[in-house]
Each structure stands twice: as C-alpha cells, then as structure tokens.
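K.L.:
Quick one, fold the following:
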Amino acid sequence: MKTKITNREIWGIALPIMLGNMAQTIINFTDTAFLGHLGVIALGASMLAGLFYFVFTTVAAGFATGIQIIVARRFGERNFGRIGVIFQHGSMFVLALGLILFSVLYFFSDQLLLWLIDSENIYEASLDYIKYRRMGIAFVCFNFLYRALYVGISNTKVITYSTIIMAVVNILLDYCLIFGNLGFPQMGIGGAALASLCAEISAFVFFTGYSYITLGKKEYGMFKLHRPESELMGRILKISTPAMAQKLFSFGVWFIFFVLIEKMGETATGISSITRSIYMILITPCFAFSTTTNTLVSRIIGEGHNEQVFPTINKVLKNCLLCTIPIVVLVAIFPVQIASIYTDDLNFAHLVIPSILVICSGTVFQCIGNAYFEAVSGTGNTSAALYLETSILVVYVLFIYAMTHLTTKVELVWTAEIVYGALLGILCYVYMKFAKWDKKKI
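P.N.:
Coordinates of the predicted model:
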C-alpha cells in the first residue's frame, strides 16, 4: 500500500521549522537593525564575528543532521524505544564537542580574527562581540541536538515555542544593552553579543524542561539511563561525520566570502552586512522546506515506500516556491524601504539596493538546490552529499575570489549565490535520478 505525503503534512512539519529557523534570523535581524544605527564599523564587526562564531557551531549542526536522519528512520519504522538511546549517545558527543569548541574560541579567537580581518576598527569591535558570544557555544550545540530530535519525530511545534522565547529575550536585551536603556549599561556591540548569549541559554532551558515533561514517558526512554553502545555510536558517527564536514566546509566558505568582501573596504562590508541580514530572512522558508525534505525522505524510506521519494521532493519544492516567491517579489519592489530599517543614511541605503536585487534571484535558485541536496542527505548517504557540495564549493570560492579581484561592485560578488544554487540543484538532481541511493542502510 502506497503512502502519500499531503500538502497539509508538509506544512505541518515545515512551518514550525521555519519559525524555529527564524530564531537565528531574528537574532541577526535585531542585532543588525540596532547596530546599523551605530555605523558601518559595528555592522561589519557583528557580521564577521558572528559568522566566525557560527563556523564553529556548524560542526554541531552537522552532527545533529546525522541524529535527525537516524531518529526519523527509527520513527518511520515505529521503533520508538531506540530514539531515547540515540539522543543520549548524541548528548554525550555534543557535551564533549561543546567543551572543545569553547576552548578553541577562548584561546585562539583573538589570533584568528587578527589574521582574517584587515580593518583595525572592525577587528577591535569583533573582539568585543566574540568575548561574550563564545560563552554560549555549548548551549547552541545542545539546541541543535534538540531541534534534530523534534524534527526527526515530526513534533516541530516545540521549535516554534523556543523561537518565540529566544526572540523575546534577544529583542528586549538588545534594546537594553546596546543603547543602555531601562537602567542597563550601554555596551554597544558587546551588548548585542550578550543578548544573543542569554537568548541561547533561555532556549536550552526551555528545550530541556519541555523534553522532560513531554518525552519522559517510557515509550521513548529519553531520561532513562542507557548503557553506552559502541556499535550505535559508530553508526551515528558514520552518518554524522560527512554531514559535519559538509556543514563546516559550507559555512566556512560562506565565512571566506565575507572575509574577501571585507578586504574590499569598510563600506562594502557594511553593505554586505545588511544584504546578508535580508538574505537570511528571504532564505528562511528554503531552509525549512529543505529540512522537511530531508526528514520525509528518510521517513518514507524507513516505511519502505521508495517510489514516493521523488513525488515527495517535488511536492515539498512546489510548496517552498509558493511560500518564497511572494516574499522575494515584495522585497524586490521595496528595497529602499527595507534597507532603511538598518540605517538612517539614505545614500547608504541606496548603495545596498543592487545587492538586494541579486539575492532575490539567488533565493529562488537556493530553494531548488537545497531541496535536492537535502534529499540526498535524507537517503542516509551523507558521504555523497559531502562530495557533491565540496566540488561545488571549489567553483564557488574560485568565483568569489575572481569577482572580488576583478570588480569593485559588491552586487557582482553576490551573484555567487546564484551560481552555487544552480550547480547544487543540477548535480543533486542527477544523483537522485541515477544513483542507487535506495540500497543505503542506516
């Protein structure tokens, strides 16, 4: 008997993920919107230091992707008792990983940022930002793990709750700490970082309490002490390691993108900071629906209905485009008004417009590319996903390097997002069409 995924089921998974993904988008938006009124130095520093910080968190995000794929597969098999065991093994790894990443950031971030950033003003402001933000990296790692768990069991509404909590905490503390309102000290860019740290901690506390109350039952065995299983840990790492490497390479190259732009000057960096913030809003539905594709593909295979994989991918992609295109059109019609949210300087707002129009096109290509890429990961063949994206990232870096040396127009550098999305879609579609992904066991 065939199982067909309905549009309602797709939205039931994607919408809470979309709202969950808005957590970091909202943090980035509020930080950028507030700091934009302090000038291009604060804008550039928060962007570069924030991206530098998230390069490290992508390792945890990649591990969580592996956990999500395995949890979704067990959920599709209705083998609920193994989910708690998988989560506990993931927790042990994430705890160790969080401590290692914090140590690296604590001891080496100053030297690494000095090596990467040319502007002394942006470098000094970046140090002020990272000294607070690095304190929350272990909490971010666990938040990724919790989101992977709830996406894997298709109970994504909890991600919405955590997002609301993070947004409220971050916006309130940004208002208080950046400008020194309501009796708080005026901390500038450091206040933005401290507000983000508190938001991340609040989400971790909520996830832990919610999980204890709702998943503490015997069916999942979430908070029951399980003996370590080396074979299980090996299988988790076999799936997760390529995903960790893929996320690290992908986001590392994204960071290199902005490092190269920073070398074009402080104005170019400020323009790209605003462009990035708008882009993250535009691409939020793309990430939500692509994660939905990953989960549904893994679940469908677990249920034994491989013939439904392609129809499901295409159905999710159609819903993604229906959600994304109206937002893209709205931004393309009112770019000046949107850019003015971030700055009081109307001339500077006009400088951002060409880059905004480029990312509007790039967003559509990213929707297509990410849908098929996450389908590849959803089959469990994360090694293939790693090889496919690595080959594309080589082209992406070469393109960025060439554009930053051949032109002074920031918007032409941003066309790299169109190139990346198009190549990702083509290669991953070919893989899903012709590779023997249905033979993969996890």
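K.L.:
how near is residue 247 to residue 392?
P.N.:
According to Cβ to Cβ, to the nearest Å, residue 247 stands 14 Å off from residue 392. Quick note: C-beta positions are derived from backbone N, CA and C, even for glycine.
K.L.:
got it, and residue 47?
P.N.:
Taking Cβ to Cβ, one finds residue 47 at 23 Å from residue 392.
K.L.:
likewise residue 288?
P.N.:
22 Å.
K.L.:
Residue 91 now?
P.N.:
Going from residue 91 to residue 392 by Cβ to Cβ gives 33 Å.
K.L.:
Comparing residue 47 and residue 392, which residue is more hemmed in?
P.N.:
Under the criterion of other Cβ atoms under 10 Å, the comparison of residue 47 against residue 392 puts residue 47 first, with 28 against 23.
K.L.:
what sits up against the strand or helix carrying residue 322?
P.N.:
Applying DSSP states H and E as the criterion places residue 322 in helix 309-333. Helix 309-333 is contacted by residues 4-5, 7, 10-11, 14, 278, 281-282, 285-286, 289-290, 292-293, 296-297, 300-301, 338, 356-357, 360, 363-364, 367-368, 371-372, 375, 379, 432 when judged by Cβ atoms under 8 Å, 6 or more residues apart in numbering.
K.L.:
list the buried ones in it?
P.N.:
Burial within helix 309-333, assessed by neighbour count using 16 or more other Cβ atoms under 10 Å, is assigned to 309, 312-313, 315-317, 319-321, 323-324, 327-328, 331-332.
K.L.:
Ok, stretch 35-52 next?
P.N.:
35-36, 38-52.
K.L.:
what about the residue nearest to residue 412 when sequence neighbours are not counted, neighbour count?
P.N.:
Leaving aside its chain neighbours, residue 412 sits nearest to residue 403 (5.5 Å; criterion: Cβ to Cβ, 6 or more residues apart in numbering). Residues contacting residue 403 under the criterion other Cβ under 10 Å number 21.
K.L.:
Could you check how far residue 403 is from residue 315?
P.N.:
Using Cβ to Cβ, residue 403 is found at 36 Å from residue 315.
K.L.:
how about the helices of the stretch 301-442 of the chain, start to end?
P.N.:
Assigned by DSSP state H, counting those that start in this stretch, the helices in the stretch 301-442 of the chain fall at 309-333, 335-339, 346-378, 382-406, 410-414, 416-434.
K.L.:
Likewise for the stretch 101-250 of the chain?
P.N.:
With DSSP H, counting those that start in this stretch as the criterion, the stretch 101-250 of the chain has helices at 120-133, 137-152, 157-179, 189-214, 230-262.
K.L.:
Residue 407 is nearest to which of those helices?
P.N.:
Of all these, it is helix 230-262 that lies closest to residue 407, at 11.6 Å by Cβ to Cβ.
K.L.:
helices and strands around the following helix or strand past that closest one, which ones?
P.N.:
Counting by DSSP H and E, the next helix or strand C-terminal to helix 230-262 is helix 266-282. Applying 3 or more Cβ pairs under 8 Å, 6 or more residues apart in numbering; DSSP states H and E, we find helix 266-282 packed against helix 7-35, helix 40-76, helix 120-133, helix 230-262, helix 309-333, helix 335-339, helix 346-378, helix 410-414.
K.L.:
let's see 6 Å
P.N.:
helix 7-35, helix 40-76, helix 230-262, helix 346-378 (3 or more Cβ pairs under 6 Å, 6 or more residues apart in numbering; DSSP states H and E).
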